[in-house]
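> Sequence first, predicted model second:
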Amino acid sequence: MKMSLENIQVGMCVGQDLYTENGQLITPNNTVVTEELLARLKKFKINCVEMTHDSLDDYIFDIKSTAGFKSFQSECTEAKESLTTSLDSILQDNPDDVHIDMIKNLSTLLYENNKKNINLIDMVYSMHEYSDAVYTHSVNVGMIASHLGHWLGLPEEEIKLLVTCGLFHDIGKLLIPKEILEKPDKLTPAEYRIMQSHTSKGFELLDQFPDIDDRVKKVALLHHERCDGTGYPMHFKGDQLDRFSKIIAIADAYEAMTSERSYREPICPFTVVSYFEKEGLHKFETKYVLKFLAKILNSYLHTKILLSNGKEATVIMINRNVKSRPLVKVDDGDFIDLSVNPEIDIVKMVN
Ligand SMILES: [Fe+2]
């Protein structure tokens, strides 16, 4: 809707490309309004602007009166259940009970946040309403990241913070138009740039709340950065990145590949590990990736897989040097070391 400049507030979202009289771009569509932008609009005498929503309040926070919000607390409990189920695959290495308790208490964590700062739970709820896929992904990333934090021996305060980092790392996607966010086909370069802006938009959104930990805000901005400088939006390199962003980057990439998408089946974990082995060791923090892969793959010991030769087999031993190609025992009794049999691949896990 069109709004006059005096009614536009910091945190609202511009719904059009804005140009000066000379045709110079002031700000692109979907920009979150800041004090600086308001000053520029005033400077260029822009009196009326198309906004995507009446206000950010309407969009994100003024939802507590909806029936949906009232049922959210029970959905939180359901989320906790599904979370526990989705984690079963990486919980098979018997982590200690304290950690499982922490994971199972995600909803408690949300309620605690709710008491301290209503905005956090509002934002999680908004994410749930806007896109179930983003919500599920974010919850899973928080879980995976907290596992990785645990495996890396981080203090409990940091492990808990990783859950929050995971929950909010993609919050900027609430400000990406749905037709782009949910487009089943490949994005055009222009659409891809808008999609990438979820990092800076997420940071700007979270940055309006002084109560939110700066490390959570940083992760929203930096979780697509890569240690070799090939990421975005800042093209930072390894030593410029904090450990929370590095951990969420690994969890984010792993979750995105192993979960089912509307346009593809989940990718087999061994294939994902092979991707990390080929590309990930320099793109991600090497010591974090190595620990992650070792722990993840140990959880697949003794599970059934289908080989590309059509035979079913059981994973017997993870090879230290080529973790994606284990020693397997075929159902007819033969052992095959996939690290020295490159012609045979693992096709999928068998339930
Ligand atoms: Fe992201």
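Nice, thanks for sending it over.
> Strands along the stretch 201-350 of the chain, start to end?
Applying DSSP state E, counting those that start in this stretch to the stretch 201-350 of the chain gives strands spanning 304-307, 312-317, 327-330, 335-337, 346-349.
> Val139 sits in which helix or strand?
Element membership of Val139 [criterion: DSSP states H and E] is helix 132-151.
> And that helix, what does it pack against?
Counting contacts by 3 or more CB pairs under 8 Å, 6 or more residues apart in numbering; DSSP states H and E, helix 132-151 is packed against helix 67-86, helix 97-104, helix 106-116, helix 118-130, helix 156-168, helix 243-258, helix 286-298. Any C-beta I mention is one placed from the backbone N, CA and C, and that applies to glycine too.
> and with 6 Å instead?
For helix 132-151, the elements it packs on are helix 67-86, helix 118-130, helix 156-168, helix 243-258, helix 286-298, judged by 3 or more CB pairs under 6 Å, 6 or more residues apart in numbering; DSSP states H and E.
> Check which residues of the third one are buried.
For helix 156-168, the neighbour count (16 or more other CB atoms under 10 Å) marks 158-168 as buried.
> try the fourth one
Along helix 243-258, these residues count as buried under the neighbour rule (16+ other CB under 10 Å): 244-255, 257-258.
> Can you tell me which of these is closest to Lys329?
Thr258 (23.9 Å; CB to CB).
> Tell me if I'm right that the closest one and Phe270 touch.
No. Judged on CB atoms under 6 Å, Thr258 makes no contact with Phe270 at a distance of 10.6 Å.
> Share the number of residues neighbouring the nearest residue to Val273 once chain neighbours are set aside, please.
Distances taken as CB to CB, 6 or more residues apart in numbering put Ser324 closest to Val273, at 4.2 Å, once the chain neighbours are dropped. Ser324 is flanked by 23 other residues according to other CB atoms under 10 Å.
> Any idea how many residues pack against Val340?
Neighbours of Val340 (other CB under 10 Å): 10.
> Contact partners for Gly142?
Taking CB atoms under 6 Å, 6 or more residues apart in numbering, we find Gly142 in contact with 163, 166-167.
> Name the nearest residue to it, ignoring sequence neighbours.
Nearest non-adjacent residue to Gly142 (CB to CB, 6+ apart): Gly166, at 2.6 Å.
> Could you tell me the model confidence score at that neighbour?
As predicted, Gly166 sits at a pLDDT of 91.
> is it true that it touches Val141?
Yes. Between Gly166 and Val141 there is a contact under CB under 6 Å: 3.9 Å.
> My understanding was that Pro326 contacts Ala313; is that so?
No. Look at Pro326 against Ala313 with CB under 6 Å: they stay out of range, at 9.5 Å.
> May I have the residues that are in contact with Gly166?
Contacts of Gly166 by CB under 6 Å, 6+ apart are 138, 141-142, 145.
> Would you mind giving those residues as TSV with pLDDT and distance to Lys295 added?
Formatted as TSV, these follow (pLDDT from 0 to 100; distance: CB to CB, whole Å):
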residue	pLDDT	distance to Lys295
Ser138	89	21
Val141	90	16
Gly142	88	17
Ala145	90	13
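> Between those, identify the one with the most neighbours.
Ala145 (31 neighbours).
> Tell me who's in contact with that residue.
Here Ala145 is in contact with 162, 166, 247-248, 251 (CB under 6 Å, 6+ apart).
> Neighbours of Ile212, how many?
So Ile212, with other CB under 10 Å, has 20 neighbours.
> So which bits of stretch 222-229 are buried?
Neighbour counts over stretch 222-229 (16+ other CB under 10 Å) mark 222-227 as buried.
> Nearest to Gln24, out of these: which one, please.
Proximity of these to Gln24 (CB to CB) peaks at His224, which lies at 28.8 Å.
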